[in-house]
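Participant: Quick one: sequence and predicted model below, then my questions.
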Amino acid sequence: MAEHRTADGPVAGTTLGGPLWQATGLSLGTLVALGMGRFAYGLLLPSMTADLGWSYAQAGALNTANAVGYLLGAAVAARLMSKFDPRRVFLSGMLVTAASMLGCAGTANVVLLAALRLVSGLAGAVVFVAGATLAVQAGVHLPGRRATMPLGVYVAGSGAGIALSGIGIPPLLAALSQDTGWRAGWLLLGLVSLAAVVPAAVATRGSGVRPAGGTGGSWERRRLIPTALAYLLFGVGYAGYMTFVVALLRNQLAPGQIAVFWIVLGGAGMGASFWWGPLLGRARGGRALGGLLVVVAAGAGIPLIATGPAAALGSAVLFGSAFLSTATAVTAVARRTCPPESWGPAIGGLTTVFAVGQCAGPLFSGVLADQGGLRAGLLLSAMMLAAGAIVSLAQRDHFDRGSQLSI
């Protein structure tokens, strides 16, 4: 493996298969941690709610537990990477996430389920931050706007996980009884996630070298306030939509149509990582993030004004095409603002802010849904996303060409 250096020392990201091969392996981390560990709960929620007699607030609280875990994980991820090989941190997080999903298949106790969802969120955040840091490092030596390509491939794994869960979970729920269907769903998610660890380990071999400056440096918090606030609002809005949209559509669509909705949502997320690339490479400040949040807000708003398969697919295409790319946009801002040794702390810090928002989103939306129906909960989501789009426009670039690489 050829080693590349910057002024700060060796940088990970030039593995045997090249940056994009490494990013493909890293994308299995987002497939597990986000596509399956977090988002697939939305598919299982209606069945679990009906079988276990939950209110929408209780159902939302389980995703809030996952979000609290994500908050804790985001807070410790950079510290873990400063002490241990980031690749090992990444792979260990994948294993813990898979084990937590397998655990969910074995209990109906709401306290244990909440604890497992918390563990899944914690490990998933560690996976995301470690993987994003490695993906950013992988693109350091790619020319110009191609530098964001590994990050785009990495984030696309979330969409792949959503699509795969849409292919596998609805048929299981339709074929099995109510009390066994959701358990089988968790079992399937856990086994697929466990299997993904092996190819991820192979593809990322050699990617765990830390930059000479480490991953525990400081980062420019004040310079990133608009992006952090926009990411907070995005966390509130998107988490409410992803938690309850299937519960809303269940009253409008057949099971097969819901499966198609979820697959389209994930498929759009996979493709979006590439078609948004030119915008993320050209736009400065918070314009790219603002544009993405406008599209996400529009997608979240469609179910509020229209019903039926066409409206559902429109929502899936718009929401799916932009919501995963927000992480890429936010990471790109951090990369332009901070020196390489601070990328880990900056990504971890912004992810922590985002996690605070997604802690609140499912719970607030669930409470509103119990009081005013699911549409009231989804209205909150759309409003928060629109507010995030406005706030993001206040972000300005703080770009020092003498110490950083252009994207």
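Facilitator: Perfect, thanks for sending it.

Participant: roughly how far apart are V391 and G373?
Facilitator: Distance check for V391 against G373: by C-beta to C-beta, to the nearest Å, it reads 28 Å. Heads up, the C-betas are built off the backbone N, CA and C, glycines and all.

Participant: Kindly report the same for V111.
Facilitator: Counting by C-beta to C-beta, the gap from V111 to G373 is 28 Å.

Participant: Likewise for G266?
Facilitator: 27 Å.

Participant: When those two are compared, which one has more neighbours?
Facilitator: G266 (28 against 13; other C-beta atoms under 10 Å).

Participant: So the more buried one sits against I169, correct?
Facilitator: No. G266 is not in contact with I169 according to C-beta atoms under 8 Å; the separation is 11.6 Å.

Participant: Could I get the CA-only coordinates of the helix or strand A376 falls within as CSV?
Facilitator: According to DSSP states H and E, A376 maps onto helix 374-392. Output in CSV follows, covering the C-alpha atoms of helix 374-392 (Å, rounded to 0.1, in the frame of the first residue of the first chain):
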residue,chain,number,x,y,z
LEU,A,374,-50.3,11.5,12.8
ARG,A,375,-50.6,14.5,10.4
ALA,A,376,-50.0,16.9,13.4
GLY,A,377,-46.8,15.1,14.2
LEU,A,378,-45.6,15.2,10.6
LEU,A,379,-46.5,18.9,10.4
LEU,A,380,-43.9,19.5,13.1
SER,A,381,-41.3,17.7,11.0
ALA,A,382,-42.0,19.7,7.9
MET,A,383,-41.8,23.0,9.9
MET,A,384,-38.5,22.2,11.5
LEU,A,385,-37.0,21.2,8.2
ALA,A,386,-38.1,24.4,6.6
ALA,A,387,-36.7,26.4,9.5
GLY,A,388,-33.4,24.6,9.2
ALA,A,389,-33.2,25.6,5.5
ILE,A,390,-33.5,29.3,6.4
VAL,A,391,-31.0,29.1,9.3
SER,A,392,-28.3,27.3,7.1
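
Participant: List the buried residues for that helix?
Facilitator: Residues 374, 377-389, 391-392 are the ones in helix 374-392 that count as buried (16 or more other C-beta atoms under 10 Å).

Participant: For the protein, just list every one of the strands.
Facilitator: 5-6, 9-10 (DSSP state E).

Participant: what about this structure, any weak spots by pLDDT?
Facilitator: When residues are selected by pLDDT under 70, those of the chain lie in 1-17, 139-148, 207-220, 273-274, 277-283, 285, 397-407.

Participant: can you pull out the helices in the stretch 301-407 of the chain?
Facilitator: Secondary structure of the stretch 301-407 of the chain (DSSP state H, counting those that start in this stretch): helices at 309-323, 325-337, 343-372, 374-392.

Participant: so which of these is the most packed in?
Facilitator: Counting by mean count of other C-beta atoms under 10 Å, helix 325-337 has the highest mean neighbour count of those, with a mean of 26.

Participant: Next, report how far that helix is displaced from the centre of its chain.
Facilitator: In terms of C-alpha atoms, centre = their mean, to the nearest Å, the centre of helix 325-337 is set 13 Å apart from its chain centre.

Participant: going forward can the numbers begin at 52, since that is how I track them
Facilitator: Yep, numbering from 52; the last one is helix 376-388 now.

Participant: what angle do it and helix 394-423 make?
Facilitator: Helix 376-388 runs at 150 degrees relative to helix 394-423, counting by axes from the mean of the first three to the mean of the last three C-alpha atoms, to 10 degrees.

Participant: For helix 376-388, output the C-alpha coordinates as PDB.
Facilitator: Output of helix 376-388 as PDB, limited to C-alpha atoms (Å, rounded to 0.1, in the frame of the first residue of the first chain):
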ATOM      1  CA  SER A 376     -26.900  14.000   1.700                       C
ATOM      2  CA  THR A 377     -27.300  16.500   4.500                       C
ATOM      3  CA  ALA A 378     -24.600  14.600   6.400                       C
ATOM      4  CA  THR A 379     -22.300  15.000   3.300                       C
ATOM      5  CA  ALA A 380     -23.100  18.700   3.100                       C
ATOM      6  CA  VAL A 381     -22.400  19.300   6.900                       C
ATOM      7  CA  THR A 382     -19.200  17.300   6.700                       C
ATOM      8  CA  ALA A 383     -18.000  19.300   3.700                       C
ATOM      9  CA  VAL A 384     -18.600  22.500   5.700                       C
ATOM     10  CA  ALA A 385     -16.500  21.100   8.500                       C
ATOM     11  CA  ARG A 386     -13.800  20.000   6.100                       C
ATOM     12  CA  ARG A 387     -13.600  23.600   4.700                       C
ATOM     13  CA  THR A 388     -13.500  25.100   8.100                       C
END
